[in-house]
Structures are given as structure tokens and as C-alpha cells.
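# One predicted model, sequence on top.
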Amino acid sequence: MSDDEADPELLALLRQSLGLGPGTSTAPPTTGVLKSAEYIYDNAIDVAISSDGTRAAAETIWALMQAKHYSTETWSSHELHPKTKDEATVNFIFTMNLLNFSFWSELPHDERFAIEYRGERWTGYWSLVAALQRALDEGYPITTPTFWTDLGSCPDSVFEHVFRSATSESIPLLSQRISILREAGDILEADFSSSPLNIITRAENSASRLVNLLATHFPNFRDTTTLAGREVRLYKRAQIFAADLWACFNGTSYGSFTDIDNLTMFADYRIPQMLQGLHCLWYSPRLESRIARHDQFSPGEAMEVEIRGCSIWCVELLRRQIERKHPEAKGKLNAVLIDFFLYDTCKEMEKKGHCEDMLPHHRTRSIYY
Ligand SMILES: Nc1nc2c(c(CN[C@H]3C=C[C@H](O)[C@@H]3O)cn2[C@@H]2O[C@H](COP(=O)(O)O)[C@@H](O)[C@H]2O)c(=O)[nH]1
């Protein structure tokens, strides 16, 4: 394991004691996520990857991405995503990715947690983005880290107001979301002068180093678990933070990374559903029946880890397959764009009711995704 794959926390302490800067390692930094994904795939029992399914899906995905001219520009085209290319948007993206987890609901669509904003009801990930935009419109500096730790101007009731639902269902894990913001505010003050920009600067244009810095300093980004006795890293929100910056800033300014292609797919609960629906992922009958009956999977149980890890590895195989068949894709395609494309496509299909006949996504209540 390269020293950037050693335990990031231990490494940071070691560097500090040696008086070295955080980014002094010579080896190109890696996060260890892709290696973890391959290990999970090699040891999985209830999840497998279909080579026929992956080959077919690679063609479909590439054709559709081409037809849609899918690129980093797509990120800013979403109505609710911030449009200015400045520090305020960096803070918005950081806040969003501290909270970008677990929106799923067992209630019927019109009863589930929703945020009313600009005359529309937003659910899922978009409910989070809408809540943050609405709070800013209402004058709450919700994307300013020093606000999160100011109990005088930001008691819990402010967060309850910011995330107030248009239905009787509250946002899932509200108390955890509040704790995450308060803790992140304290850590930012202690280690980064209360500015998320300073984390990006310290990453020295390396997306991997940015991911490792988040995992080292912020427990809520430390999305790791074990499988068959070995620690595995998934780092879903830490990676998507770097990816959102890259896409929002079109690979320039605060989104300029020399190693963006080292990021993997983000192990959430939507993309695995798409990969299974595209016949890339195969689930064992016992796993499929648990998902079909909306069983809750505990964070870290083998089946849940296998779904997440094999999804990451499957997108890596999709990327390799596309580049094998379409050499022109080299340098234009990476796991981030495939992931973003699959997420957006899944949401478009859901809007048209095309997800009804797909196996549901798996249910895990977790702050990590
Ligand atoms: N792998 C992956 N997971 C993603 C996203 C996004 C949104 N990304 C935006 C940025 C660029 C894209 O173009 C999207 O516009 C949210 N999620 C995750 O999904 C879950 C929410 O699902 P639902 O409840 O159905 O909205 C939850 O775990 C959330 O963390 C993604 O892109 N990739």
C-alpha cells in the first residue's frame, strides 16, 4: 500500500510529529477505494458482475452519454445547483456533501419527506439542495461553517426550520445531520481556519489527497468498514465532494485536479439499483428477496458491503469496456461522469415511472450514503 493508502489519520499524525507538511509524500496519492472495491468483488458471495451485461450496458451508456453530450457542464445545468463560480459555491458544495445521505422513505410518494421551494416539491437528493437554497433565500447563512457552531444564532430549532418538510414526514436522521454540521464547524475552525477552501488548497490539486484529508480530519467522511476481516474504504461523500467541485468548476479553479480519474463511482443506494436493472450486477436469490421485501440492511453487514463494493468495481469495468471498444473515449470519460450520468438517468426514469418494474434500491439507514 502506498503511504497515501496507509491509515490517513495515522499518517497525518506521523507527518505532524515529523514536522512534515501534509502533502509531502512523493508517491502519487491514492485513496485505496478502488483496491477495496476489487477486494470486495473477489470475496463477494451474494453479488457478482455479469460480463455479458456489462458489455451490453457499456455500449448503451456510451451511446447515450454521447447523444446527450454528457459532460461536467451538465452539473451546473441542474436548476437547483449553485451557478456562481466562487467561494460561496465551494461552501455550498461542502455543506451539501456533509449532508448528502439517506433520503429514502417507505411512505407513498406524496407523503414522503419533501421540501417546498420555488413552487415545487423536491424529494431525495434534490430536497437537500432545495432546503439549502431556501435557507439562503430566507437569510440563514446555512453554508457558513461558523454559523453551525454559533449556538446563539443557530440553535437546533434553526436546523429544524431549514429542513422543515412539506409533509408530515421529517428529513431522515435530522439529529445526526445537526451533529455532523456542528462537529464539522469545530474541526474546520481547529484545522482549517473555518474555511473549506483551505482543505482544497492543502490538497494541492490532488482529488485523492482531498479525499484523504477529509477522511483523516472529519469522522463523518470516514466511510470505511470491514469485509472478511479486512478494512475496506468506500469514501462515498468524500469522493463526491471532489467530483462536485470538479464538475461545477469544469476542471478549473477550485475544481482543478490532476488525478480526477482516480476517483471511483460513489457507493450510494441509487447506482447499484441502476446497475442491477441494467443486468450488470447479479444478486443471489436470498439477497434479491431481501431487497424486494424492503428489508433493512445494517451498515457494514456483508451483503450491504458487497452491493456497495461490487458497484464501484462494476463501474470501473464499464469504463474499461467503453475505452476498449471506443478508444476516442480515452481522456473524455471517467468513473465520475459515468456515475453522474447513471444517477441523472435513474432520476429521469423514476420521474417517468420507469423504475416501477425495477428491483427497488436496497435500504440502509446510514450517514455515509
Ligand atoms: N452515486 C451517486 N450518488 C448520488 C448522486 C447524487 C446527485 N449528484 C448530482 C451531482 C451530479 C449529478 O449530475 C447529480 O445531479 C446523489 N446521490 C446519492 O443518491 C442517494 C439519493 O438518491 P435519491 O433519494 O433517489 O435522490 C443518496 O445516497 C445521495 O447521496 C450522484 O450523482 N451519484
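It's in.

# ok, and the closest non-adjacent residue to whichever residue of the stretch 51-200 of the chain sits closest to the ligand?
Scanning the stretch 51-200 of the chain for the residue nearest the ligand gives Gly124, at 2.4 Å (criterion: C-beta to the nearest ligand atom). Heads up, the C-betas are built off the backbone N, CA and C, glycines and all. Spatial nearest neighbour of Gly124, chain neighbours left out: Phe103 (4.6 Å); criterion: C-beta to C-beta, 6 or more residues apart in numbering.

# Distance-wise, check that neighbour relative to Val162.
Between Phe103 and Val162 the computed distance is 15 Å (C-beta to C-beta, to the nearest Å).

# same question, Ala242
In this view, Ala242 and Val162 are 25 Å apart by C-beta to C-beta.

# Specify which residue of the two has the higher count of neighbours.
Higher neighbour count among Ala242 and Val162: Ala242, with 29 against 20, using other C-beta atoms under 10 Å.

# What is the neighbour count of the nearest residue to Asn220 once chain neighbours are set aside?
For Asn220, ignoring the flanking residues on the chain, the nearest one in space by C-beta to C-beta, 6+ apart is Ile180 at 4.7 Å. For Ile180, the neighbour count with other C-beta under 10 Å is 21.

# Which residues lie in contact with Ile180 in this structure?
Leu98, Leu99, Asn220, Ile367 (C-beta atoms under 8 Å, 6 or more residues apart in numbering).

# which intervals of the stretch 1-150 of the chain have sub-threshold pLDDT?
1-6, 8-9, 11-13, 15-27 (pLDDT under 70).

# Contact residues of it facing the ligand?
Residues of the stretch 1-150 of the chain lying near the ligand by C-beta under 6 Å from any ligand atom: Thr74, Trp75, His78, Asn100, Phe101, Phe103, Trp104, Gly124, Tyr125.

# Okay, strands next: where are they in the chain?
For the chain, the strands defined by DSSP state E occupy 47-49, 115-117, 120-122, 224-227, 230-233, 281-283.

# quick check: mean pLDDT across the fifth one?
In this model, strand 230-233 has a mean pLDDT of 98.

# What are the buried residues along it?
Residues of strand 230-233 classed as buried by neighbour count (16 or more other C-beta atoms under 10 Å): Val232, Arg233.

# Show me what that strand pairs with in its sheet, parallel or antiparallel.
strand 224-227 (antiparallel) (DSSP bridges).

# mind listing what the nearest residue to Arg308 once chain neighbours are set aside touches?
Among residues not flanking Arg308 along the chain, Ala267 sits closest, at 3.8 Å (C-beta to C-beta, 6+ apart). Applying C-beta under 8 Å, 6+ apart, we find Ala267 in contact with Asp223, Leu234, Lys236, Arg308, Gly309, Ser311, Ile312, Tyr369.

# Any chance of TSV for these, columns distance to Thr60 and neighbour count?
What follows is the contacts of Ala267, written out as TSV (distance: C-beta to C-beta, whole Å; neighbours: other C-beta atoms under 10 Å):
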residue	distance to Thr60	neighbour count
Asp223	29	25
Leu234	26	26
Lys236	25	24
Arg308	23	32
Gly309	23	27
Ser311	17	33
Ile312	20	28
Tyr369	25	19
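
# These also near the ligand: which ones?
Tyr369.

# Now for the contacts of Ala267: which two are most distant?
Greatest spatial distance in those: Asp223 and Ser311, 13.6 Å, computed using C-beta to C-beta.

# now the helices for the stretch 151-300 of the chain?
Taking DSSP state H, counting those that start in this stretch, the helices of the stretch 151-300 of the chain run over residues 156-162, 174-192, 196-202, 207-217, 236-248, 271-277, 285-292.

# so which of the ones you listed comes closest to Gly119?
Nearest to Gly119, of all the helices of the stretch 151-300 of the chain, is helix 156-162, at 18.6 Å by C-beta to C-beta.

# Give me the packing partners of that closest one, helices and strands only.
When contacts are defined as 3 or more C-beta pairs under 8 Å, 6 or more residues apart in numbering; DSSP states H and E, helix 156-162 packs onto helix 124-137, helix 174-192.

# Run the chain-centre distance for the first one.
Just to be clear, that refers to helix 124-137. Offset of helix 124-137 from its chain centre (C-alpha atoms, centre = their mean, to the nearest Å): 17 Å.

# how close does Leu107 sit to Leu174?
As judged by C-beta to C-beta, Leu107 and Leu174 stand 16 Å apart.

# Compare neighbour counts for these two and give me the winner.
Applying other C-beta under 10 Å to Leu107 and Leu174 shows that Leu174 carries more neighbours, namely 15 against 11.

# returning to that earlier point: look at the residue nearest to Gly124 and say how many residues are nearby.
Neighbours of Phe103 (other C-beta under 10 Å): 19.

# didn't it look like it was pressed against Pro172?
Yes: at 6.6 Å, Phe103 counts as touching Pro172 under the criterion of C-beta atoms under 8 Å.

# My read is that Lys330 contacts Glu323, right?
Yes: assessed by C-beta under 8 Å, Lys330 is found in contact with Glu323 at 5.4 Å.

# So which residues on the stretch 251-369 of the chain come close to the ligand?
Phe266, Asp268, Tyr269, Arg270, Ile271, Asp339, Phe340, Tyr343, Asp344, Tyr369.
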